[in-house]
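*Asks:* generate coordinates for the sequence data below:
(2 chains)
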Number of protein chains: 2
Amino acid sequence: MVKSGHLYGIGIGPGDPELMTLKALRLLRTVPVLAYPVSFGKSLARSIVAEYLPEGQIEIPMLFPFKIDESAQPYYDSAAEKLAEYLSAGQDVVVLCEGDPFFYGTFMYLYTRLSERFPTEVVPGVSSVMASASALGVPLTYRNDAFMVLSAILPAEELLPKLAVADAAVIIKLGKHFTKVYEVLKQLGLAERAKFIEKATMQNQRIVPLNEVDPTTVPYFSLIMIPSQWQP
Amino acid sequence: MVKSGHLYGIGIGPGDPELMTLKALRLLRTVPVLAYPVSFGKSLARSIVAEYLPEGQIEIPMLFPFKIDESAQPYYDSAAEKLAEYLSAGQDVVVLCEGDPFFYGTFMYLYTRLSERFPTEVVPGVSSVMASASALGVPLTYRNDAFMVLSAILPAEELLPKLAVADAAVIIKLGKHFTKVYEVLKQLGLAERAKFIEKATMQNQRIVPLNEVDPTTVPYFSLIMIPSQWQP
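*Replies:* Residues are numbered from 1 along each chain as shown, chains lettered A, B, ... in the order given. Next comes the predicted model:
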């Protein structure tokens, strides 16, 4: 019987290829099968690591829908089965994950389908949350701050009480929810303190004052940071 | 007049030297002056990067007290002045930061003292929060989860309401506060779901079921993770 291959979910960081870890680079260069998510015909993850790819790797583009709901499940099933073919045949497979695989990542959908069948290792990566603080030049949390990460998709009545108990926070996945989030921040008196950043560390990174953001053009990969007020 | 040197605060990740980023490695190897925190006569940060250090670098150990309060300020003042001497003389300086520099890091105390006087760049790193999820093999947050990071130092009456609004959470800096935190988790019905890890990704990493932890030996670098309950 053939020994199973290993599945590696590797975090490749927020966008700047230099923010990949040494471990991710090693696996990327040595594992023979490379899988990555594709949406709208493009793979952001593959473009981040493109300069490091060795020749002759087998590539598996995984078509994932942008919307994650019940209708997405067959896409994950299909991708997992494709990877399982290689793993069953004894080939190691590396899956590229933007940011960190276990932090709001799509790798989870493969992990839950494959980790009990095949030896699996997850390699953590730099999250866009930390990368945004560095890019903005604003310390995020000090000492004993309570820190919160929220999705902009939540309704205002859920965002309000959660933000109210945090000393520092990041609201991710802004997209078309920008205006709602901005209103919530104004209501809590946090709008002055908040910072906006699009595509942190990517080549097209953009930092704009909150009151100059055009709500109609805010991408999914953008966030608002409310840094700690604590003064050292 | 001599042109100022650049100050770099680089995240070196949670402990495994391979979890350093390519950018941190490049700076570590090319910047002539290397500064790092020292507590109790040892530098964890320097030990993480030791294998990558070039020869002939000027090293500046910075004696930082473990307790961060008013009494710690003169130590930060003194370290900042030492770095300023090199920066003023036109030498670049790299400061090692465990995890990520702007996420509960001590680099902030140097950043606030030096970033207005010298060109400063912060390089984000893999946080122990993300590294712990990977080490435990447990996805941390899905989709639109509200995620919270709390310090175990907070009193139970502050931990309770904050944990109550989160879908997933990590409680850091456990140390002697383990028992208090464990009681809070029991009260909220979260103890079954919670995972404990010490020194994630370090050589002496330790994972123990929560009910087998000896509260008298819990180190500062340990955390409890309450992963998302969401099922994909």
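*Asks:* what residues of the helix or strand residue A:60 falls within count as buried?
*Replies:* Assigned by DSSP states H and E, residue A:60 falls within strand A:58-63. For strand A:58-63, the neighbour count (16 or more other Cβ atoms under 10 Å in any protein chain shown) marks A:60-62 as buried. Every residue, glycine included, has its C-beta placed from N, CA and C.
*Asks:* who are the packing partners of the helix or strand just after it?
*Replies:* Remark: after strand A:58-63, the chain's next helix or strand is helix A:73-88, criterion DSSP H and E. If you count contacts as 3 or more Cβ pairs under 8 Å, 6 or more residues apart in numbering or on different chains; DSSP states H and E, helix A:73-88 packs onto strand A:33-38, strand A:58-63, strand A:93-97, helix A:107-114.
*Asks:* what about the residue nearest to residue A:208 when sequence neighbours are not counted, how many residues nearby?
*Replies:* In space, and not counting its chain neighbours, residue A:208 is closest to residue A:196: 5.6 Å by Cβ to Cβ, 6 or more residues apart in numbering or on different chains. Neighbour count of residue A:196, defined by other Cβ atoms under 10 Å in any protein chain shown: 24.
*Asks:* cool, residue A:160 as well?
*Replies:* 14.
*Asks:* looking at it, it is touching residue A:188, isn't it?
*Replies:* Yes: between residue A:160 and residue A:188 there is a contact under Cβ atoms under 8 Å: 6.9 Å.
*Asks:* thinking again about what came up before, how far does the strand or helix carrying the residue nearest to residue A:208 sit from the chain's center?
*Replies:* Using DSSP H and E, residue A:196 maps to strand A:195-198. Centroid displacement of strand A:195-198 relative to its chain, using Cα atoms, centre = their mean, to the nearest Å, is 16 Å.
*Asks:* which other residues reach that strand?
*Replies:* Residues from elsewhere that reach strand A:195-198, judged by Cβ atoms under 8 Å, 6 or more residues apart in numbering or on different chains: A:132, A:135-136, A:138, A:204-210, A:213, A:218-219, A:221-227.
*Asks:* buried ones from these, can you make that a PyMOL selection?
*Replies:* To isolate the buried ones among those in PyMOL, judged by 16+ other Cβ under 10 Å, type:
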select buried, chain A and resi 132+135+136+138+205+210+213+218+221+222+223+224+225+226+227
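*Asks:* of the contacts of strand A:195-198, which belong to helices?
*Replies:* A:132, A:135-136 (DSSP state H).
*Asks:* okay if I get the residues you listed as TSV plus distance to residue B:76 and pLDDT?
*Replies:* Shown next, in TSV, are the ones in helices among the contacts of strand A:195-198 (distance: Cβ to Cβ, whole Å; pLDDT from 0 to 100):
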residue	distance to residue B:76	pLDDT
A:132	25	98
A:135	24	98
A:136	22	97
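*Asks:* ok, so of these, who is nearest residue B:84?
*Replies:* Top of the list for closeness to residue B:84, among the ones in helices among the contacts of strand A:195-198 and by Cβ to Cβ, is residue A:136 at 23.7 Å.
*Asks:* if I look at the closest residue to residue A:15 other than its chain neighbours, how far off is residue A:125?
*Replies:* With sequence-adjacent residues excluded and distances taken as Cβ to Cβ, 6+ apart, residue A:15 is closest to residue A:202, at 3.5 Å. Residue A:202 sits at a distance of 15 Å from residue A:125 (criterion: Cβ to Cβ, to the nearest Å).
*Asks:* higher neighbour count, those two?
*Replies:* The residue with more neighbours, out of residue A:202 and residue A:125, is residue A:125; 33 against 18, by other Cβ under 10 Å.
*Asks:* so in terms of bridging, what pairs with the closest residue to the more buried one other than its chain neighbours?
*Replies:* The shortest distance from residue A:125 to any non-neighbouring residue, by Cβ to Cβ, 6+ apart, is to residue A:11 (1.9 Å). Residue A:11 forms beta bridges with residue A:97, as assigned by DSSP bridges.
*Asks:* ok, residue A:11 - contacts?
*Replies:* A:21, A:24, A:97-101, A:105, A:122-126, B:126, B:130.
*Asks:* residues contacting residue A:192?
*Replies:* Residue A:192 makes no contacts at all, as judged by Cβ under 8 Å, 6+ apart.
*Asks:* so it: helix, strand or coil?
*Replies:* Classification of residue A:192 using DSSP: H, G, I helix; E, B strand; the rest coil returns coil.
*Asks:* not counting its neighbours along the chain, what's nearest the most centrally placed residue in chain A?
*Replies:* By Cα atoms, centre = their mean, chain A has its centre lying nearest to residue A:99, at 4.2 Å. What sits nearest to residue A:99 in space, not counting adjacent residues and going by Cβ to Cβ, 6+ apart, is residue A:127, at 4.9 Å.
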